[in-house]
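1. Build the 3D model from these lines:
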Amino acid sequence: MSHARNQEKKKRGKALIVLLSIVFVIVAAGVSVVLSDAPARAELQQMTLAEVDFGNLNDGVYRGEYHGTKNSLRDVVVEVTVTAGTLAKITVIEDASAGAGGRF
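-> Residues are numbered from 1 along each chain as shown. Below you'll find the model as predicted:
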């Protein structure tokens, strides 16, 4: 019985080491992602957007672009459709982080 009990303890010990190793790798990867994206997040926090009065705009399609200074993951090109003084549609033409094409 003592031999079987020792083997069971060894198995549990190995399983615990494997589990802790997996948790460590996941945490390390998460920290790495957060640290590598910090400059881009800081750039977004400093960005200001002016208020737009759509009632003063002529009907039509307006194109806008944003190019990030820290990296290209924030680059985006959109088209905004204004109809009867209201925002009718936003179409994402290019989005560096998610690929092209999208509609909101």
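
2. what helix or strand is V92 on?
-> strand 86-95 (DSSP states H and E).

3. could you pull out the helices for this protein?
-> Using DSSP state H, the helices of the chain run over 2-46.

4. Just name the shakiest helix or strand of this protein by mean pLDDT.
-> strand 102-103 (a mean of 45; mean pLDDT, DSSP states H and E).

5. Could you chop the chain up by domain?
-> 1-48, 54-103 (automatic domain parsing).

6. Identify, out of the ones you listed, the most deeply packed stretch.
-> The highest mean neighbour count among those, using mean count of other C-beta atoms under 10 Å, belongs to domain 54-103: a mean of 13. Backbone N, C-alpha and C define where each C-beta goes, glycine included.

7. How far off centre is it?
-> In terms of C-alpha atoms, centre = their mean, to the nearest Å, the centre of domain 54-103 is found 18 Å from the chain centre.

8. same check, this time on stretch 9-24
-> Its chain's C-alpha centre and that of stretch 9-24 lie 32 Å apart, by C-alpha atoms, centre = their mean.

9. can you check stretch 6-21 too?
-> With C-alpha atoms, centre = their mean, you get 37 Å for stretch 6-21.

10. mean pLDDT lowest for which of the domains of the chain?
-> Here the lowest mean pLDDT among the domains of the chain goes to domain 54-103, at a mean of 81.

11. for the strand holding V92, packing partners?
-> strand 76-83, strand 102-103 (3 or more C-beta pairs under 8 Å, 6 or more residues apart in numbering; DSSP states H and E).

12. how about these in TSV, adding distance to A4?
-> Listed next are those as TSV, based on distance: least, C-beta to C-beta, whole Å:
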stretch	distance to A4
strand 76-83	63
strand 102-103	60
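
13. hang on, isn't I93 packed against V78?
-> Yes. Under the criterion of C-beta atoms under 8 Å, I93 makes contact with V78 at 6.3 Å.
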